[in-house]
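In: just coords:
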Ligand code: FES
Ligand SMILES: [Fe+2]
């Protein structure tokens, strides 16, 4: 099928895109949520998956249906590093190959004829990653080429992972919600602080009355940005930096925000994945990270994270979720919108996601932009 022959779910959304972009790496679980002996069932991109660890502790990901009679493999157990179906006991290795049929001799050739669909999986940065796609059509690129550099550089960066969330919203709406000018309104009460250096503890909320606040729209190399001001145009500290490197949105669903949460501290970077459970729910994985190479810098960043960043990100994420969930399903939301000029950067992100979906129909794959996966902070001074 050609890209221009694809039916649309709603104008601008090719059918199929509502359940995600295949042929990318996704952080499907946190490492600690996958124990050595218990398979985990998870749905991603509309597909039921089973995740488990083999005898060496390495993760495996299979379609969660036994090829014998369709029982959920996630109900099974791990034996000698292989996954045993709970129903009649067929065992599978990480590649999906059936390695044992319990009523046949152990070296029986008939096991060779049975396979479960499998996905490449790895562990990095305390996440379990799966390449959700078709490795025969689109060979998986090295994981390290497609994730933020911080996750492989524990000597230089310290990242804190936020709790995994599931929003009752389509993933495309969740990603729309990362636009660069909503925060000054939606997060006005959680993010805006007084212009005074942080001295530890909870930051002093901005005193400018909400009714007096206005938004100034600026174009930056990083896309459209909203700056909060008071009625006279004096900026209010929301912490979003205007001079950073790379794109805010990276395929398949990564958003990057560089934030100085309170005046006088080093900025941190928030990296956020928003990918579909199915067309109605979205998984959110987020970490906050600073470059910190000394014990002192690590300690300072940990304190800032615990006292300011973590509680704030929890509130902000709740605010974002409530809005995304309020917009209704994808078709409802997209048919009830009227875009303004500041929506341009968000619109460009939509285009990029659409392009990434459509080029695959022509056997091509758009890679994430590598220079956006490097550390995006230009200056590290306060
Ligand atoms: S359904 Fe899995 S072994 Fe029979
Ligand atoms: Fe937000």
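Out: Nice, thanks for sending it over. Model, not experiment: these values are computed from the prediction. Ligands and ions are numbered 1, 2, ... in the order given.

In: list the contacts of the residue most central in space within the chain.
Out: For the chain, residue 273 is the residue whose C-alpha lies nearest the centre (C-alpha atoms, centre = their mean; 1.0 Å). Contact analysis of residue 273 by C-beta atoms under 8 Å, 6 or more residues apart in numbering lists 26, 27, 253, 254, 283, 284, 285, 286. (C-beta placed from N, C-alpha, C; glycine too.)

In: what pLDDT does the model give the third one?
Out: Meaning residue 253. pLDDT, residue 253: 98.

In: follow-up on the earlier one: okay if I get the contacts of residue 273 as TSV plus secondary structure, neighbour count and distance to residue 246?
Out: Formatted as TSV, the contacts of residue 273 follow (DSSP: H, G, I helix; E, B strand; the rest coil; neighbours: other C-beta atoms under 10 Å; distance: C-beta to C-beta, whole Å):
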residue	secondary structure	neighbour count	distance to residue 246
26	strand	24	20
27	strand	24	19
253	coil	26	16
254	strand	25	11
283	strand	24	23
284	strand	21	21
285	strand	22	19
286	strand	21	17
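
In: nearest to residue 42 among those?
Out: residue 283 (8.4 Å; C-beta to C-beta).

In: pretty sure that closest one is touching residue 277, no?
Out: Yes - using C-beta atoms under 8 Å, residue 283 makes contact with residue 277 at a distance of 5.8 Å.

In: for ligand 1, what is the nearest residue in the stretch 151-300 of the chain?
Out: residue 278 (23.7 Å; C-beta to the nearest ligand atom).

In: mind listing what the residue lying closest to that residue once chain neighbours are set aside touches?
Out: Nearest residue to residue 278, sequence neighbours excluded (C-beta to C-beta, 6 or more residues apart in numbering): residue 46, at 4.6 Å. Residues near residue 46 by C-beta under 8 Å, 6+ apart: 19, 20, 276, 277, 278, 279.

In: and the third one, how many neighbours?
Out: Pointing back at residue 276 there. 26 (other C-beta atoms under 10 Å).

In: quick one, phi/psi of it?
Out: phi -70, psi 140 (degrees, to the nearest 10).

In: so for residue 283 and residue 277, which residues contact both of them?
Out: With C-beta under 8 Å, 6+ apart, residue 283 and residue 277 have common neighbours 44, 166.

In: on that earlier part again, against ligand 1, how distant is the residue nearest to residue 278?
Out: According to C-beta to the nearest ligand atom, to the nearest Å, residue 46 and ligand 1 sit 22 Å apart.

In: thinking again about what came up before, in three-state terms, label the residue of the stretch 151-300 of the chain closest to ligand 1 for me.
Out: coil (DSSP: H, G, I helix; E, B strand; the rest coil).

In: ok so, going back, now the contacts of residue 46 as TSV including pLDDT?
Out: Shown next, in TSV, are those (pLDDT from 0 to 100):
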residue	pLDDT
19	98
20	98
276	98
277	98
278	98
279	98
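
In: closest one to residue 121 out of the residues you listed, please.
Out: The closest of these, once distances to residue 121 are taken by C-beta to C-beta, is residue 20, at 17.1 Å.

In: quick one, what contacts the nearest residue to that closest one once chain neighbours are set aside?
Out: Leaving aside its chain neighbours, residue 20 sits nearest to residue 45 (3.8 Å; criterion: C-beta to C-beta, 6+ apart). Contact analysis of residue 45 by C-beta under 8 Å, 6+ apart lists 19, 20, 21, 22, 26, 132, 275, 276, 278.

In: ok, so of those, who is nearest residue 333?
Out: Using C-beta to C-beta, the contacts of residue 45 come closest to residue 333 at residue 276, 14.9 Å.

In: can you spell out which residues form a bridge with that closest one?
Out: residue 282 (DSSP bridges).

In: would you confirm that it contacts residue 170?
Out: Yes - the pair residue 276 / residue 170 is scored as a contact, 7.3 Å apart, by C-beta under 8 Å.

In: now do the shared contacts for those two.
Out: Common neighbours of residue 276 and residue 170 (C-beta under 8 Å, 6+ apart) are 18, 282.

In: okay, residue 379: pLDDT?
Out: pLDDT, residue 379: 61.

In: how close does the residue sitting furthest away from the middle of the chain sit to ligand 1?
Out: Ranking residues of the chain by C-alpha distance from their mean position (C-alpha atoms, centre = their mean) puts residue 105 at the top, at 44.7 Å. Remark: distance between residue 105 and ligand 1 (C-beta to the nearest ligand atom) = 17 Å.

In: how is that residue assigned, secondary-structure-wise?
Out: When the rule is three-state DSSP, residue 105 gets the label coil.

In: what parts of this protein come near ligand 1?
Out: With C-beta under 6 Å from any ligand atom as the criterion, the chain comes near ligand 1 at residues 66, 68, 69, 71, 85, 87, 88, 89, 90.

In: which residues touch the fourth one?
Out: Remark: with contacts taken as C-beta under 8 Å, 6+ apart, residue 71 is in contact with 65, 85, 86, 87.

In: quick one: which of those is most hemmed in?
Out: Of the contacts of residue 71, with other C-beta under 10 Å as the count, residue 85 tops at 24 neighbours.

In: residues near the closest residue to it other than its chain neighbours, how many?
Out: Closest residue to residue 85 apart from its sequence neighbours, by C-beta to C-beta, 6+ apart: residue 66 at 4.4 Å. Per other C-beta under 10 Å, the neighbour tally for residue 66 reads 25.

In: which residues are in contact with the closest residue to residue 275 other than its chain neighbours?
Out: Spatially, and ignoring its direct neighbours in sequence, residue 275 is nearest to residue 253 (4.9 Å; C-beta to C-beta, 6+ apart). Counting by C-beta under 8 Å, 6+ apart, residue 253 makes contact with 21, 171, 175, 273, 274, 275.
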